[in-house]
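Engineer: Predicted model and sequence below, questions to follow.
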Amino acid sequence: MKYDSNVATKALLEIDRYIDKLVKKIELLNYVNPLNIESEKNKFFDSRYLTDPHFVYPNIDFDKFKLHREFFALPIEKIENPHIKDLYEEIIYSYSCIIQCIETIGEGRKFYYNSLRSFGTPTEKDVENARFILHFEDDSNADYFQPKYLAKDTEPAFKRFSEQYDFSYNISYSDTMGAIAMVLNNSKTLVLNSNHTFSDNEIGVLTNHEIGVHMLTTMNGLLHPLKIFSHGFPNNVETQEGLAVFSEYMSGNLTIKRLKELAYRVIAVDSLAKGYSFSKTFRLLHNTYDLNREDAFYMTVRAHRGGGFTKDYLYLTGLIKVFNYHKQCKDLSLLLTGKVSMEYVDTIQYLIQEKYAVHARHITSSYRENLNNNETVTFILDNLT
């Protein structure tokens with residue numbers, strides 16, 4: 001990859017590399033997942049859903065104030081291109097918000113308000129979309145949805161799925177996570193929840209979601225001269241999760257049950273805006289919306305961890321945006337170039353044109369052909385606004 005090696009370009013690359021160095025210290029998901037979920041679940045159930053859990057979180061292993069100072073000391077004014085300069089200013093503000101999230105984990109509304117700044121909260125339209133989905137009868141009684149596999153038993157399935165891609169990654173296990181699987185971008189690691197028993201459907205969902213999109217965009221992001229593609233554009237979560245769930249749809253693994261899971265997440269996050277406690281959110285999901293108590297507990301953990309983590313509603317809003325983007329026959333490959341955001345498509349094209357970025361090498365396999373045969377799922381997606 002050749003690009004202009006003038007003084008301004010060298011300044012840009014130095015700033016970009018330094019941001020990359022700083023960002024590697026602040027993987028939010030490393031800190032926001034409670035360490036004592038299972039023991040607190042037992043206490044919560046014993047209290048008959050009345051006593052809120054007291055979660056404990058990992059220690060923060062970096063100097064928060066120093067990291068803030070290093071971000072804002074970067075000489076952004078040396079970036080002569082105003083288009084790129086604006087992008088890097090937005091990146092610095094975005095990561096400053098993430099640091100503030102990390103430093104207030106476990107501090108109740110302090111964390112919640114910082115989460116709002118980073119991820120937003122559902123609109124009334126988002127809540128209406130969630131309620132619309134919840135009117136449909138799910139399809140969870142089939143054998144395909146029954147728990148069968150321990151976490152370590154799923155590893156061969158992930159490896160078989162990954163053979164179609166020209167990259168490798170690590171697999172590890174954790175018993176202190178709210179999700180059943182996640183990708184850690186900085187370490188190129190798929191983490192599986194060792195407390196969870198996986199169904200065939202979940203394996204189909206996770207291979208396409210975690211490997212086909214999240215790991216794939218991690219690997220694509222590492223290929224650019226600019227490292228911002230690897231550590232993430234501002235507001236990239238909505239686009240990345242939308243792409244990942246859309247991959248579930250295109251591969252034929254998106255079900256009504258899964259859509260309802262995304263809808264429950266919106267309802268749970270909306271409860272934060274209403275000031276609900278952990279126990280009240282749980283009772284809303286379990287008693288009002290008839291979600292079984294195990295799923296209702298973990299859904300509530302995801303929303304209330306840290307003090308109120310609003311990120312989860314973005315899975316549904318992201319899916320709607322990516323689904324409509326695809327219906328308009330727009331180029332999905334631009335959104336696979338790294339941890340990028342849909343609102344920066346023009347910027348991505350510009351950076352490729354100026355040779356600061358490259359086209360996506362790895363393309364999500366499910367995007368080649370629509371294998372969805374569930375007409376109800378398509379009907380629902382067509383009618384979300």
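Structural biologist: Right, received. Where do you want to start?
Engineer: Break down the stretch 101-250 of the chain into its strands, ranges please.
Structural biologist: Counting by DSSP state E, counting those that start in this stretch, the stretch 101-250 of the chain has strands at residues 149-150, 170-174, 181-184, 189-193, 197-198.
Engineer: export those strands to CSV and tack on distance to Thr347?
Structural biologist: Where C-beta positions appear, they are placed from N, C-alpha and C, glycine not excepted. As requested, the strands of the stretch 101-250 of the chain are exported to CSV (distance: least, CB to CB, whole Å):
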stretch, distance to Thr347
strand 149-150, 42
strand 170-174, 31
strand 181-184, 24
strand 189-193, 29
strand 197-198, 38
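Engineer: Which among the ones you listed is found nearest to Met299?
Structural biologist: With CB to CB as the measure, strand 189-193 is the member of the strands of the stretch 101-250 of the chain nearest Met299 (14.1 Å).
Engineer: got the angle between the closest one and strand 170-174?
Structural biologist: Angle, strand 189-193 to strand 170-174, by axes from the mean of the first three to the mean of the last three CA atoms, to 10 degrees: 30 degrees.
Engineer: then strand 189-193 to CSV, C-alphas only?
Structural biologist: What follows is strand 189-193 as a C-alpha-only set of coordinates in CSV (Å, rounded to 0.1, in the frame of the first residue of the first chain):
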residue,chain,number,x,y,z
THR,A,189,-10.2,-14.1,21.0
LEU,A,190,-13.6,-15.8,20.9
VAL,A,191,-14.8,-16.2,24.5
LEU,A,192,-17.5,-18.8,25.3
ASN,A,193,-19.6,-18.9,28.4
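Engineer: Buried residues, that strand. List them.
Structural biologist: Buried residues in strand 189-193, counting neighbours by 16 or more other CB atoms under 10 Å, are found at 190-193.
Engineer: Check what contacts it and list those residues.
Structural biologist: Residues from elsewhere that reach strand 189-193, judged by CB atoms under 8 Å, 6 or more residues apart in numbering: 151-152, 154-155, 158, 169-175, 177, 179-184, 210-211, 215.
Engineer: Of these, just the buried ones, ChimeraX syntax please.
Structural biologist: Of the contacts of strand 189-193, the buried ones go into a single ChimeraX selection, burial set by 16+ other CB under 10 Å:
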select :151,154,158,169,171,174,177,179,180,181,182,183,184,210,211,215
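Engineer: Going along the chain, name the helices of the stretch 1-150 of the chain.
Structural biologist: For the stretch 1-150 of the chain, the helices defined by DSSP state H, counting those that start in this stretch occupy 7-23, 29-32, 37-46, 64-72, 82-103, 109-119, 124-134.
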